[in-house]
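Asker: Would you be able to build a 3D model of this:
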Amino acid sequence: MKREKIVVGMSGGVDSSVAAWLLKEQGYEVIGVTMQIWQEEEWQVQEENGGCCGLSAVEDARRVAAMLDIPYYVMNFRAEFKKHVIDYFMAEYLRGRTPNPCIACNRYLKWESLLKRSVDIGADYIATGHYARIARLENGRLSLQKSVTSAKDQTYALYNLTQDQLAHTKMPVGDYSKEEIRSMAKDIGLRTADKPDSQEICFIPDHDYAGFIDREAKGKVPPEGNFVTREGKILGRHKGITHYTVGQRKGLGIALGTPLFVTEIRPEANEVVLGGGEEVFATTLEADQLNFMSIPDLEAEMEVMAKIRYSHKGAPCVIRKIEKDKVRCEFLEPVRAITPGQAVVFYQGDTVVVGGTIV
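Answerer: Sure, this is the predicted structure:
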């Protein structure tokens, strides 16, 4: 009987390394692939910042593949990465929104582009080292379910995968805790067993998002403007809207004797609205660019839990459809820093129902 072929996206980290080993143990014909998406930085920069897709990641993944005795390839996705991740990232900041580049990368690079190329070389599935699980529900649909360890759950960053993508995906590490994955890696002698997790955005290793946009936007960088109150009273000058995000307190460069937070960004007027701590909280949001997962559509009001950022623990709310591609969410209690451009993902229990982009 012919073994099913599976392409494992290997980032050079411990999770994807163990994913490859687990799948080989399960009898799949495993092929390791690292996606070359932006690596032009110096080796030392990649090492210091633990980039998930840097030059050192390629070397680590290659060595793991050799030890596991599986074929290994590096595939070039730089053009796709620039279009779907970097250009999107800059455009959103220039619109006064806060983007989710890792979510865009997952949807358009690690799944859409990698899956297409994998199918082209005869693979049945792709796999990653994400902490999430895929389940077929009673209604026949596929949905993501939270990993067994809530501390590492990554379903929030994967909410916009399609039914077809889920049908051709394996996520073997979602059944284990991080500690169990590291223990397995040590037991089988993987060099990545103690490698630290990647941090922040891979293509901005110095974490200076505004500086990156200043260098790359080529004449489109917003100029300085006014800090204002909600009513429009001028409080001072800001450095340009790309330097700020809703909920921000540090780095404002303004002192009025009371703590101030960014409560809104108005790109049309080139204004950054500041307010007190209570003004950062809200009870409603609207989201578009919806991706339904556990259900095909939202036909009636539904009680769910909403995550409005990766680190958010979730808050109870009621959602209802208000347009063809838009939902309105009403929280039972106020939540902090609802940020346009960020994803909101709605859950019932451990299952992803639908997600979208906060508008």
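Asker: Okay, helices next: where are they in the chain?
Answerer: Secondary structure of the chain (DSSP state H): helices at 14-25, 43-49, 55-68, 78-81, 87-94, 101-104, 114-120, 163-167, 178-187, 209-216.
Asker: Which strands and helices lie in contact with the longest one?
Answerer: Applying 3 or more Cβ pairs under 8 Å, 6 or more residues apart in numbering; DSSP states H and E, one finds that helix 55-68 contacts helix 14-25, strand 29-36, helix 43-49, strand 72-76. In short, each C-beta sits where N, CA and C put it, glycine included.
Asker: which of the residues in it are buried?
Answerer: Within helix 55-68, the residues that qualify as buried are Leu55, Ser56, Ala57, Val58, Asp60, Ala61, Arg62, Arg63, Val64, Ala65, Leu68, counting by 16 or more other Cβ atoms under 10 Å.
Asker: From those, pick the one nearest Phe346.
Answerer: For those, the closest approach to Phe346 (Cβ to Cβ) belongs to Ala57, at 32.8 Å.
Asker: pLDDT value on the closest residue to that closest one other than its chain neighbours, please?
Answerer: Nearest-residue entry for Ala57: Gly12, 3.1 Å, with adjacent residues in sequence omitted and distances by Cβ to Cβ, 6 or more residues apart in numbering. At Gly12 the predicted local confidence, pLDDT, stands at 87.
Asker: just to revisit the earlier point, any idea which of the helices of the chain has the lowest pLDDT on average?
Answerer: Least confident of the helices of the chain, judged by mean pLDDT, is helix 43-49 with a mean of 43.
Asker: Output the lowest mean pLDDT helix or strand found in this structure.
Answerer: Taking mean pLDDT, DSSP states H and E as the measure, the helices and strands of the chain show their lowest mean at helix 43-49, namely a mean of 43.
Asker: if I read this right, Gly236 contacts Asn226, doesn't it?
Answerer: Yes: with the criterion set as Cβ atoms under 8 Å, Gly236 and Asn226 qualify as a contacting pair; they are 7.4 Å apart.
Asker: Please give me every residue in contact with Arg3.
Answerer: Arg3 makes contact with Gly27, Tyr28, Glu29 under the criterion Cβ atoms under 8 Å, 6 or more residues apart in numbering.
Asker: same question, Leu298
Answerer: Phe292, Ile319, Arg320, Lys321, Val327, Val354.
Asker: Equivalent analysis for Tyr310, please.
Answerer: Tyr156, Ala157.
Asker: Surely Arg95 and Glu268 touch.
Answerer: No: the criterion here is Cβ under 8 Å, and Arg95 misses it with Glu268 at 9.9 Å.
Asker: neighbour count winner among these two?
Answerer: The residue with more neighbours, out of Arg95 and Glu268 and counting by other Cβ atoms under 10 Å, is Arg95; that gives 17 against 7.
Asker: State the distance from the more buried one to Val228.
Answerer: Here the distance between Arg95 and Val228 works out to 18 Å (Cβ to Cβ, to the nearest Å).
Asker: circling back to that earlier point, go ahead and build a PyMOL selection from the buried members of the contacts of Arg3.
Answerer: Only the buried members of the contacts of Arg3 end up in this PyMOL selection, burial being decided by 16+ other Cβ under 10 Å:
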select buried, resi 28+29
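Asker: Most neighbours out of the contacts of Leu298, which is it?
Answerer: Ranked by the number of neighbours (other Cβ under 10 Å), the contacts of Leu298 place Val354 first, at 26 neighbours.
Asker: Could you report the distance from the nearest residue to that residue once chain neighbours are set aside to Asn160?
Answerer: Using Cβ to Cβ, 6+ apart and skipping the chain neighbours, the partner closest in space to Val354 is Phe292 (4.8 Å). Taken as Cβ to Cβ, the spacing of Phe292 relative to Asn160 amounts to 10 Å.
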